[in-house]
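Participant: Mind folding the following:
(chains A and B)
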2 protein chains.
Amino acid sequence: MFLSKLDSLNNALKLINDNQKLTDIEEISIAEAHKRVLAEDIISYHDSPPFDKSAMDGFALIGEDTFGASQSVPKNFKIIDAIGAGDFSDKTVGSNEAVVIATGAPIPDGANAVLMKEYTTSEGDNLTIFSQVTPGENVSPKSEDIEKGQKILDKNTFIRYQELGLIASAGYDKVKVFKKPMVKLIITGNELVEPTKNEIDKAKIINSNKYTIKSMIEDSGAVCEITHAGDTFDEVKSAMLQASKDYDVIITTGGTAISKGDVVLDVVDDIGEVLFHGVAIRPGKPIGAGVVGGKMVFTLSGQPVAAMSQFDIFTRKYLFEMQGRSFDFNIVKRVSKLKIPSQLGRTDFIRAFSDEDYAKHVLNRGSGIIRSMVEANSYIIIGENDEGYQKDDLVDVVFFNSLVW
Amino acid sequence: MFLSKLDSLNNALKLINDNQKLTDIEEISIAEAHKRVLAEDIISYHDSPPFDKSAMDGFALIGEDTFGASQSVPKNFKIIDAIGAGDFSDKTVGSNEAVVIATGAPIPDGANAVLMKEYTTSEGDNLTIFSQVTPGENVSPKSEDIEKGQKILDKNTFIRYQELGLIASAGYDKVKVFKKPMVKLIITGNELVEPTKNEIDKAKIINSNKYTIKSMIEDSGAVCEITHAGDTFDEVKSAMLQASKDYDVIITTGGTAISKGDVVLDVVDDIGEVLFHGVAIRPGKPIGAGVVGGKMVFTLSGQPVAAMSQFDIFTRKYLFEMQGRSFDFNIVKRVSKLKIPSQLGRTDFIRAFSDEDYAKHVLNRGSGIIRSMVEANSYIIIGENDEGYQKDDLVDVVFFNSLVW
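Facilitator: A predicted model of the protein is given here:
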């Protein structure tokens, strides 16, 4: 009986971690690099900005020349040139001289500040100013954002849109990233049928795992393809052997066949190695993991909620870390609105709706009740050494939206 | 001078909201429906589960018959049939009879509980049990998740993976959703060049907005295509006219041309209506919005940080709500680690790194400093009626990861 000896959660996670692999590195266009993970340090090829840059439309001049100017004490300047964005001026700005300048254009030699247009009037090349400006004002100094040669991002950084902007500014049109893991999702279960509005044959059940687990795989930065296999040893073995050649990770759902133990784990045991089967958690106790052809296999339950929780607890971290992105539950403390019973020796992942202050667990939580995941936005985690919590106790909470890629 | 009269933030947001549109509805396969927004209520075509279902591998029997059984007081049963997943039994279970049953299979008539295999031994059709089981135990009752005819999800619900599973279980293979907005991003700026490792011509600057703003648009559920336009009125007008015919929303970056005011806003004024130009916020004051050919136009700054903040403050909500998904900043309270000066009459969006307890603003925060967005994970928001905060004051914080689609 596999399940009669349950692994502890920490031991199961350690066994997975011992078999953690990284995907290969590929070089891609930065146009494709949003939400990928850097596989190289980013060293800037340029200063950014590459010159002292005007931050405003206005007049480049010598800040000190404007001192004392005000609405009642205007001062007069001579306009000697004009610079649009993308242009530059060869002139040098002298005392009481000014150059018309656009946002983004280089400050001409001699000038050290930009006075905004709205504090001036002009006629021909005569400029009258009604305000003073401090030297340096409205100027973005050369290399204030990035210095040429500087390391600006580390390998293993997740590329959000702002990191992407920084990479572009540093001069990279391509970037090295970790490849997306290719995941084969093998759906087993003779009882499963596709969603239909028509009446369903007796003993058949609509397959929802296919849609949820595929979405979770994609939400972990990976690519998912699906195969269906019947509940026989030979069908599952054939699907798993093929997948172990063509894919980086194999995930199965369901596959418990009558009087033969668990077909899926039997196959893993036959063509590879079972790392564990059965972990002291709820929901999701029958989770298994193994290695086939050097590829990690996660055997998730057929019960929808158990499968989702198992994915969150075991699979998500593996897929993140395959891509060089570290992953740990971001645990926060909340006040429990209800009493929560639990059992020593078992880690509970209790679906809950939490806000900034409170966590309230969803009451109807059989492992087949998808609605319980729909009503939830978080897990309350109760460790194996806890016997549960009273109302108003502080509990550990992980928000679902802290788990996504 | 447009900018000399700044709109208040609330007024600007109201002007956008007054012009909020919804995209059309389309029906798509549920295989494509993850992270879309429902444009119909979901009414279940089925009970789920469709029958009383076994939640374990074991023996279906009459729970009351097992009362008193234990390791030292075994009880004997007769096995009368076996049911695999996807199968069912025609037999009726009588007193001290049992049916071998797989997880997911229908409980046969007469039985009301499932005893797990590990608490039994069997030889031929003789079963010995060593534990009792309560009636109803290890049985998922018919329709415990969903009842046929029940409304299980409302129109305008965002489809996470769990909602997708529920929709599948309800019998939908297709689902009505709001179309993704088609967004044209028009990049203006004669000074801009593509990322390159080679030396850049004097007065030119690498275009990073193209990458960041496109990623932000996609992170708002929309589809983005990019056009480049020079800084002239005619080029921008031609690009915007075309875009107003073919796209749902137009977003521009940059486009301030010398001594002519803002070319982009001039074009909006010429071929449509300017809603506002200049809002009392920092960063991002020069933001504008308008309507051209019935399509909303957002004119973002050329300065990278200003453009990102403007998108977060004005554009993101519009794109979300176009798809029927409500959007509001999820504001939480944190303790400021530093003193933050601000100015009455202006709303500040200060880049900060925040955790569960504290917010610490990024010190170097010119509107061109992309690194300040990279170092940040949140904004501290200081309202127009606040003059700033002291160290240890509670401040309003919005996390970046609460903004994404």
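Participant: And the pLDDT at A:Phe298?
Facilitator: pLDDT for A:Phe298: 98.
Participant: brain fart, A:Phe2
Facilitator: For A:Phe2, the pLDDT comes out at 42.
Participant: low-scoring stretches of the stretch 251-400 of chain A, by residue?
Facilitator: A:256-261, A:365 (pLDDT under 70).
Participant: give me phi/psi at the residue of it found nearest chain B?
Facilitator: Closest contact between the stretch 251-400 of chain A and chain B, by C-beta to the nearest C-beta, is at A:Met373 (3.8 Å). Yep, even glycine has a C-beta here, placed from its N, CA and C like the rest. Backbone torsions for A:Met373, taken as degrees, to the nearest 10, come to phi -80, psi -30.
Participant: what sits against it?
Facilitator: Taking C-beta atoms under 8 Å, 6 or more residues apart in numbering or on different chains, we find A:Met373 in contact with A:304-305, A:308, A:351, B:162, B:165.
Participant: neighbours of the closest residue in space to A:Val404 that isn't next to it in sequence, just the number please.
Facilitator: Distances taken as C-beta to C-beta, 6 or more residues apart in numbering or on different chains put A:Asp219 closest to A:Val404, at 5.1 Å, once the chain neighbours are dropped. A:Asp219: 18 surrounding residues under other C-beta atoms under 10 Å in any protein chain shown.
Participant: contacting residues for A:Asp219?
Facilitator: A:404-405, B:161.
Participant: one more time with 10 Å, if that's ok
Facilitator: Residues near A:Asp219 by C-beta atoms under 10 Å, 6 or more residues apart in numbering or on different chains: A:311, A:316, A:319, A:403-405, B:34-35, B:160-161.
Participant: quick one on the thing from earlier: farthest-apart pair in the contacts of A:Met373, please.
Facilitator: Pairwise distances across the contacts of A:Met373 (C-beta to C-beta) peak at 13.4 Å, for the pair A:Arg351 and B:Gly165.
Participant: so what sits against both of these two?
Facilitator: With C-beta under 10 Å, 6+ apart, A:Arg351 and B:Gly165 have common neighbours A:305, A:308, A:371, A:373-374.
Participant: Dump the contacts of A:Met373 into TSV; add neighbour count and secondary structure as well.
Facilitator: What follows is those, written out as TSV (neighbours: other C-beta atoms under 10 Å in any protein chain shown; DSSP: H, G, I helix; E, B strand; the rest coil):
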residue	neighbour count	secondary structure
A:Pro304	30	helix
A:Val305	26	helix
A:Met308	28	helix
A:Arg351	26	strand
B:Gln162	24	helix
B:Gly165	30	helix
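Participant: B:Leu13: which of these is nearest?
Facilitator: For the contacts of A:Met373, the nearest to B:Leu13 is B:Gln162 (31.8 Å; C-beta to C-beta).
Participant: doesn't A:Phe311 make contact with that closest one?
Facilitator: No - counting by C-beta atoms under 10 Å, B:Gln162 does not reach A:Phe311; the two are 11.4 Å apart.
Participant: Now for those two: what residues contact both?
Facilitator: Joint contacts of B:Gln162 and A:Phe311 (C-beta under 10 Å, 6+ apart) are A:212, A:216.
Participant: Check whether stretch A:160-169 comes into contact with chain B.
Facilitator: Yes - applying C-beta under 10 Å from any C-beta of the partner chain, one finds stretch A:160-169 touching chain B at A:160-169.
Participant: Need the max-distance pair from those residues.
Facilitator: Using C-beta to C-beta, the residues of stretch A:160-169 next to chain B reach their maximum pairwise distance at A:Arg160 and A:Ser169, which is 14.5 Å.
Participant: out of those two, which sits in the more crowded spot?
Facilitator: Taking other C-beta under 10 Å, A:Arg160 and A:Ser169 do not tie; A:Ser169 has more neighbours (30 against 21).
Participant: related to what we said a few turns ago, narrow the contacts of A:Asp219 to those in strands?
Facilitator: Judged by DSSP state E, strands contain none of those.
Participant: what about burial for those, which qualify?
Facilitator: In terms of neighbour count (16 or more other C-beta atoms under 10 Å in any protein chain shown), the buried residues within the contacts of A:Asp219 are A:311, A:316, A:319, A:403, A:405, B:34-35, B:160-161.
Participant: burial measure for the residue nearest to A:Phe320 when sequence neighbours are not counted, as a count.
Facilitator: Leaving aside its sequence neighbours, A:Phe320 sits nearest to A:Phe327 (C-beta to C-beta, 6+ apart; 3.8 Å). A:Phe327: 15 surrounding residues under other C-beta under 10 Å.
Participant: for chain A, which helix is longest?
Facilitator: If you go by DSSP state H, chain A has its longest helix at helix A:233-246.
Participant: A:Asp355 is in contact with A:Val332, isn't it?
Facilitator: No - A:Asp355 lies out of contact with A:Val332 (C-beta under 10 Å); the separation is 11.1 Å.
Participant: which neighbours do these two share?
Facilitator: In contact with both A:Asp355 and A:Val332: A:378, A:397, A:399, using C-beta under 10 Å, 6+ apart.
Participant: May I have the residues that are in contact with the first one?
Facilitator: In other words, A:Ser378. A:332, A:334, A:349-355, A:359-361, A:397-403.
Participant: Tell me which of those fall in strands.
Facilitator: A:332, A:334, A:349-354, A:359-361, A:397-399.
Participant: Whichever of these end up buried, select them in PyMOL.
Facilitator: Only the buried entries of the ones in strands among the contacts of A:Ser378 go into this PyMOL selection, using 16+ other C-beta under 10 Å:
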select buried, chain A and resi 332+334+349+350+351+352+354+359+360+361+397+398+399
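Participant: near chain B, which of the ones in strands among the contacts of A:Ser378 show up?
Facilitator: A:332, A:351, A:399.
Participant: still on that earlier bit, could I get the contacts of A:Asp219 as a markdown table with distance to A:Phe77?
Facilitator: As requested, the contacts of A:Asp219 are arranged in a markdown table below (distance: C-beta to C-beta, whole Å):
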| residue | distance to A:Phe77 |
| --- | --- |
| A:Phe311 | 67 |
| A:Arg316 | 63 |
| A:Leu319 | 62 |
| A:Leu403 | 59 |
| A:Val404 | 56 |
| A:Trp405 | 55 |
| B:His34 | 61 |
| B:Lys35 | 56 |
| B:Arg160 | 61 |
| B:Tyr161 | 63 |
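Participant: Between those, which sits nearest B:Gly383?
Facilitator: Once C-beta to C-beta is applied, the member of those that ends up nearest B:Gly383 is A:Val404, at 30.4 Å.
Participant: Closest residue of the stretch 1-150 of chain A to chain B?
Facilitator: For the stretch 1-150 of chain A, C-beta to the nearest C-beta, closest residue to chain B: A:Gly86, 3.4 Å.
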